[in-house]
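**Q** I would like to see how this sequence folds:
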Amino acid sequence: MTDRAPSRILSLLGCRHPLVLAGMGGVARSELVAAVSEAGGFGFLGMVREPPALIRREVEAVRRRGIERFGVNIIPAATDRLLLEQQVDTILELEVPAVALFWDFDAALVRRLTDAGICVVYQVGSAAEAAAARDAGAAIVIAQGCEAGGHVRGTIPLARLLPDVVAAVDIPVLAAGGLARGDDLVTATALGAEGVVLGTALMAAEESFAHQYHKQRLLLAAASDTLLTDTFHINWPIGARVRVLSSAVAAGERGPDAPDRRVVIGEEDGRPIYLFSTDSPLRSMTGDFESMALYAGTGVGSISAIRPAADIIGALLAEADTAPIGAAAARDAANELASPVCYIGEMSGAYVGQLEAGEIAEEMTKLLGELQALLRNVAGHEVARNAPPFGPRSKALARWLAGLASAWPQSVAASQHIEAVGAGILQDHLGRLIPRLPDNDLRTGLSELRAWINDTCDQPQPQAPTPEPA
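**A** Residues are numbered from 1 along each chain as shown. Modelled structure (predicted):
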């Protein structure tokens, strides 16, 4: 992944790696943001409905660590208008570099922030929302699949949403929803994202402000233990769904909410925490944590220990750098092909029936386009309810694509968007191409790819990315 680092995201956010900490309300405080930033990622402070004094305190704490590139996440739809205005005034006064927005679209706020030179990042649940955010001046959009933990905007699985959003806008797109591993970064990038947003994976970090009870529950959970529900609704617009871990409250066993007899289940600095509220357990809280909103995305099954954020990020990047053997071989061959002396002989390639270097580049452009289209097709068919966003075939195919693309970056840039490709089309193309290649590692690598597709990829009919409730 290192040699494919998306420069637009890195430049806009000012980070070394295309990994972004989600602005999780309450959880993403200065300690976690600083740790993620020091590890090369980018962090958003989760300041949803928080008072200006706390925003100021947390921003100053991040800056005391020597970090200047970070952001603040606020959500207008879930915030009293007077408090929202105070939050925005504080953000402008502090000259925060980036602001993340979510839920109902607020074009006027986007323009106000961008006019002040702030990089606006908008999280969306549809391609239409992405286009609206782009038109209003957002610099980056986050495509949030329904696998995400916490509040979920749309109903579309990430594998189907992400390609649609990438096609709809010409600004960088980050992927979010159930992402926790290096394979997720590789696959999201292969589907067009320029980076990923990590929530649940970093909630389990030592520096997270989540309560230890919540972190321990994450360690014990699998993707199938999560569910989408509108049970936790106090402080948010009616009907807003959240993805949480299963509990008696999430299952509806505590009965319906009755506003005239609110039940207190906890406390934070004298503030009551009510049953059915959107508050999740934090270090600063006491109470019945099991009855609170235990947010978790479908990537929760990948969490095996509570570790420093730097270790989580380091492990993810190391996993992402592992490419298939065949793809690595193809990359080495591409480097050889770039040096004319390797193939200059008494007879040209055309004379012996082999492709010349320029012809190979043209074939690779077409091949990479077909691989991208096949990946979209396979990923869309692997979607499953209450499961991580990408299946095993998608992840393996994405690794092949990443390995070949790192060897042929010009072909990636030139490859045309192909709407749909089945495995059979790609098999036929490889069958015609491989015999005309020089007998080198590129030929070997593509032969291994053809065998892998034959063994693991059936030939599903192209599927449109229609919404599917999780």
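**Q** Could you chop the chain up by domain?
**A** The chain is divided into the following domains under automatic domain parsing: 2-212+302-316, 324-456.
**Q** I'd like those domains as JSON lines, with distance to Val244, mean neighbour count and mean pLDDT appended.
**A** C-beta coordinates here come from the backbone N, C-alpha and C atoms, glycine included. As requested, the domains of the chain are exported to JSON lines (distance: least, C-beta to C-beta, whole Å; neighbours: other C-beta atoms under 10 Å; pLDDT from 0 to 100):
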{"stretch": "domain 2-212+302-316", "distance to Val244": "8", "mean neighbour count": "21", "mean pLDDT": "96"}
{"stretch": "domain 324-456", "distance to Val244": "12", "mean neighbour count": "18", "mean pLDDT": "77"}
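**Q** want to throw those into CSV with distance to Glu253?
**A** Below are those laid out as CSV (distance: least, C-beta to C-beta, whole Å):
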stretch, distance to Glu253
domain 2-212+302-316, 21
domain 324-456, 19
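**Q** List the contacts of the residue lying closest to Arg181 once chain neighbours are set aside.
**A** Closest residue to Arg181 apart from its sequence neighbours, by C-beta to C-beta, 6 or more residues apart in numbering: Ser302 at 5.3 Å. Contact partners of Ser302, counting by C-beta atoms under 8 Å, 6 or more residues apart in numbering, are 180-181, 201, 388.
**Q** and the longest helix anywhere in the chain, how far from the chain's centre?
**A** Counting residues, the longest helix found in the chain (DSSP state H) is helix 357-381. Put simply, helix 357-381 sits 23 Å off its chain's centre (C-alpha atoms, centre = their mean, to the nearest Å).
**Q** and what of stretch 95-115?
**A** How far stretch 95-115 lies from its chain's middle: 20 Å, per C-alpha atoms, centre = their mean.
**Q** For it, measure first residue to last.
**A** The straight-line separation of the ends of stretch 95-115 (C-alpha to C-alpha, to the nearest Å) is 12 Å.
**Q** How about residues contacting that stretch?
**A** Here stretch 95-115 makes contact (C-beta under 8 Å, 6+ apart) with 13-14, 23, 42, 44, 59, 68-78, 88, 91-92, 118-123, 129, 132-133, 135-139, 142, 151, 153, 237, 240.
**Q** Go again with 7 Å.
**A** Applying C-beta atoms under 7 Å, 6 or more residues apart in numbering, the contact partners of stretch 95-115 are 13, 23, 44, 59, 69-78, 91, 118-123, 129, 132-133, 136-138, 153.
**Q** hey, where'd the helices end up in the stretch 251-400 of the chain?
**A** 309-320, 325-337, 357-381, 392-407 (DSSP state H, counting those that start in this stretch).
**Q** can you tell me which helix or strand Val59 belongs to?
**A** Using DSSP states H and E, Val59 falls within helix 52-64.
**Q** contacts for the helix or strand that comes right after that helix?
**A** Sequence order places strand 71-73 as the next helix or strand after helix 52-64, per DSSP H and E. If you take C-beta under 7 Å, 6+ apart as the criterion, strand 71-73 is touched by 23, 44-48, 55, 91, 96-100, 121.
**Q** Next, report how far the helix or strand following strand 71-73 is displaced from the centre of its chain.
**A** Downstream of strand 71-73, the next assigned helix or strand under DSSP H and E is helix 81-94. Centroid separation between helix 81-94 and its chain, computed with C-alpha atoms, centre = their mean, is 28 Å.
**Q** residues in contact with helix 81-94?
**A** By C-beta under 7 Å, 6+ apart, helix 81-94 touches 47, 49, 52, 55-56, 59, 72, 74, 76, 79, 99, 116.
**Q** how about a cut-off of 6 Å?
**A** Here helix 81-94 makes contact (C-beta atoms under 6 Å, 6 or more residues apart in numbering) with 52, 55, 59, 72, 74, 76, 116.
**Q** Please apply the same query to stretch 116-128.
**A** Stretch 116-128 has contacts (C-beta under 6 Å, 6+ apart) with 12, 92, 98-102, 110, 113-114, 130, 133, 138-142, 144, 153-154, 164-165, 168.
**Q** swap the cut-off to 7 Å and go again
**A** Contacts of stretch 116-128 (C-beta under 7 Å, 6+ apart): 12, 71, 92, 96-102, 110, 113-114, 130, 133, 137-144, 153-154, 156, 164-165, 168, 176.
**Q** same deal with stretch 251-263?
**A** 231, 248, 274-276.
**Q** In CSV, list those residues along with pLDDT and neighbour count.
**A** Putting the contacts of stretch 251-263 into CSV (pLDDT from 0 to 100; neighbours: other C-beta atoms under 10 Å) gives the following:
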residue, pLDDT, neighbour count
Thr231, 94, 19
Ala248, 94, 10
Tyr274, 96, 19
Leu275, 96, 20
Phe276, 96, 24
